[in-house]
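J.: Got a predicted model here, sequence first, then my questions.
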Amino acid sequence: AAGVIQSPRHLIKEKRETATLKCYPIPRHDTVYWYQQGPGQDPQFLISFYEKMQSDKGSIPDRFSAQQFSDYHSELNMSSLELGDSALYFCASSSRPEAFFGQGTRLTVV
Amino acid sequence: AQKVTQAQTEISVVEKEDVTLDCVYETRDTTYYLFWYKQPPSGELVFLIRRNSFDEQNEISGRYSWNFQKSTSSFNFTITASQVVDSAVYFCALSEADTGNQFYFGTGTSLTVIP
């Protein structure tokens, strides 16, 4: 069965640079979530989309933005990167109540 | 306030022992969903189980079993005859049907199975 695909799997950026993370949800799933997981932490909710519209917002910094496109893939854009943005970023795809996570993108800011 | 509490931060067991991971949740919704995810060292979040609030039947899948008790707001996870490959961080999560726009995760339990 198709799973949630995230790209890239690993990303290294320098401080103040910009990063774009992509998520391709499971076909016919109507909701996408983005989560950030710092080292040794539980995943923290950033933002979600339902049918391509933003549905909820969590602790997402103003430097971050996200959108969901007509083909349902989603992108998380991160600007002015800081060392503290180094984390594992998960995308989850859901058709309530099922929810599956992608393998994550590990972002390292140096 | 934390909606999902996993009081056990770290657990170590010897291979073949049984181990139970605790999860206590808090919600005012009458319809909600509870999940368990496994996060091995490689980092991905692996879906283990989803339980609906209106279905209190316990479930067994191989060496895994789940005990859902609404009366105590608990959704505990037991691994029978643990194996080294079970070593991982396990997260319990809650999704509320009325405000189901995010998953609330517990802080995770790191399980180490010693050979």
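T.: Everything's here; your move.
J.: switch to C-alpha atoms for all contacts and neighbour counts from now on
T.: OK.
J.: residues contacting the nearest residue to residue A:102 once chain neighbours are set aside?
T.: Counting by C-alpha to C-alpha, 6 or more residues apart in numbering or on different chains, residue A:102 lies nearest to residue A:4, which is 4.6 Å off, once chain neighbours are set aside. Contact criterion C-alpha atoms under 8 Å, 6 or more residues apart in numbering or on different chains gives A:23-26, A:91-93, A:100-103 as the residues in contact with residue A:4.
J.: Looking at these, spot the one nearest chain B.
T.: Nearest to chain B, judged by C-alpha to the nearest C-alpha, of those is residue A:103 at 4.5 Å.
J.: Are there helices or strands packed against the helix or strand harbouring residue A:48, and which ones?
T.: The secondary structure element spanning residue A:48 is strand A:44-50 (assigned by DSSP states H and E). If you count contacts as 3 or more C-alpha pairs under 8 Å, 6 or more residues apart in numbering or on different chains; DSSP states H and E, strand A:44-50 packs onto strand A:31-37, strand A:53-57, strand A:64-68.
J.: tell me the contacts of the residue nearest to residue A:80 when sequence neighbours are not counted?
T.: Across the structure, with C-alpha to C-alpha, 6+ apart as the measure, the residue nearest residue A:80 apart from its sequence neighbours is residue A:16 (3.9 Å). The contact partners of residue A:16, by C-alpha under 8 Å, 6+ apart, come to A:79-82.
J.: In ChimeraX, how would I select the buried members of those?
T.: The buried residues among the contacts of residue A:16 can be selected in ChimeraX (16 or more other C-alpha atoms under 10 Å in any protein chain shown) with this line:
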select /A:79,81,82
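J.: can you put the contacts of residue A:16 in JSON lines and add secondary structure?
T.: Putting the contacts of residue A:16 into JSON lines (DSSP: H, G, I helix; E, B strand; the rest coil) gives the following:
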{"residue": "A:79", "secondary structure": "coil"}
{"residue": "A:80", "secondary structure": "coil"}
{"residue": "A:81", "secondary structure": "coil"}
{"residue": "A:82", "secondary structure": "coil"}
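J.: For residue B:111, see how far away the nearest residue to residue A:68 once chain neighbours are set aside is.
T.: In space, and not counting its chain neighbours, residue A:68 is closest to residue A:74: 4.2 Å by C-alpha to C-alpha, 6+ apart. Applying C-alpha to C-alpha, to the nearest Å, one obtains 33 Å for the distance of residue A:74 from residue B:111.
J.: Neighbour count: these two, which is higher?
T.: Neighbours per residue (other C-alpha atoms under 10 Å in any protein chain shown) separate residue A:74 from residue B:111, with residue A:74 holding more: 24 against 21.
J.: Which residues of chain A lie near chain B?
T.: Residues of chain A found near chain B (C-alpha under 8 Å from any C-alpha of the partner chain) are A:33, A:41-45, A:48, A:55-56, A:97-98, A:100-104.
J.: Run through the residues of chain B sitting next to chain A.
T.: Among all residues of chain B, those adjacent to chain A (criterion: C-alpha under 8 Å from any C-alpha) are B:33, B:43-47, B:50, B:91, B:101-108.
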